[in-house]
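> just the structure for this:
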Amino acid sequence: MNPYYRSLLKELEQMIQEGKYQEVFNLAKEELELPYVPLDAMHSLEKIEQECLENTDEPIVSSSIELSQLCEGNELQKEKAVNLLKTTNLRMHEAEVQKLLDSSLLDEFKGELIEALMEQKIDTPYRIEKEGLEITFVPSLIVSSQDDPTMQSVRSLFEAWFSNNDPSMLAFCIRLLEQERYEMLPYDMSDLDPLVLAKNIVRLVYEAMSQEDALAQFYEKNGLEKVENTTLFIEKRGESYEK
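Numbering: from 1, shown residues only. Below you'll find the predicted structure:
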């Protein structure tokens, strides 16, 4: 580790000993937002951020803008509120989380917030409206993407189809799979047919590029002609907001 980061980390550790969690958190976050942070320093700074979140009973925020104002603002401000909340101890922000889940915020951003709740193993019940139904969920009980068998199977299909000849297509499909998961949360994908899901994500990519002939060739090559077509959540995104 270079001398600058060695000295900085030593200083931050001393400030933690003095209980200056908010100040340390802000300094660590500022460093992490800089380009070209060395990997070893990045990992150490991320650990310090997490230590600050875990060792204070007071809400830590990374912006001078009041979180409550962002939660009540326009769509862009609500999205900023989600990004801000993801850096905090979410146990200290139950009201703000529920307010965003109740709002017109797009499902993809609600999904990102739910995943942050899952990562922090939050066991508080929350409410959300999904496809016209109000459901209650406990974030810590939702199957993670690493443990979701459908997610893993779909990734494997993408790798089999594209890893050798089209890595950019592979990356695009995996990104859409992640977006589909965010749109679905708090539902997981464990009950879905991996082949159907994988086929329709690929379909969406080819259709977006207006490559219907290439899509037909892909179906034929991989024996997918008779696999069910279905509408993905990401194809319906924004519908609830538009209503």
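> and Gln146, how many neighbours?
If you count neighbours by other Cβ atoms under 10 Å, Gln146 ends up with 7. From N, CA and C alone the C-beta is placed, and that goes for glycine too.
> Three-state assignment for it, please.
On the three-state scheme (DSSP: H, G, I helix; E, B strand; the rest coil), Gln146 is labelled coil.
> distance of the closest residue to Glu178 other than its chain neighbours from Cys71?
Using Cβ to Cβ, 6 or more residues apart in numbering and skipping residues adjacent in sequence, the residue nearest Glu178 is Ser145, 7.6 Å away. From Ser145 across to Cys71, the span is 26 Å (Cβ to Cβ, to the nearest Å).
> quick one, domains of this structure?
Split into domains by automatic domain parsing, the chain comes to 3-54, 67-141, 149-242.
> how far out from the middle of the chain is the longest helix along the chain?
Ranked by number of residues, the top helix in the chain under DSSP state H is helix 167-184. Put simply, helix 167-184 sits 12 Å off its chain's centre (Cα atoms, centre = their mean, to the nearest Å).
> now do the contacts for Ile234.
Counting by Cβ atoms under 8 Å, 6 or more residues apart in numbering, Ile234 touches Glu108, Leu176, Gln179, Glu180, Glu183, Leu204.
> the residue nearest to Leu176 when sequence neighbours are not counted and Gln98, how far apart?
Setting aside the residues directly before and after it, Leu176 is nearest to Ile201 in space (Cβ to Cβ, 6+ apart), at 5.0 Å. Per Cβ to Cβ, Ile201 is found 31 Å from Gln98.
> with neighbour numbers in mind, choose between the two.
More crowded of Ile201 and Gln98, by other Cβ under 10 Å: Ile201, with 22 against 16.
> what about that one, which helix or strand?
Secondary structure from DSSP states H and E places Ile201 in helix 194-208.
> buried residues in that helix?
194-206 (16 or more other Cβ atoms under 10 Å).
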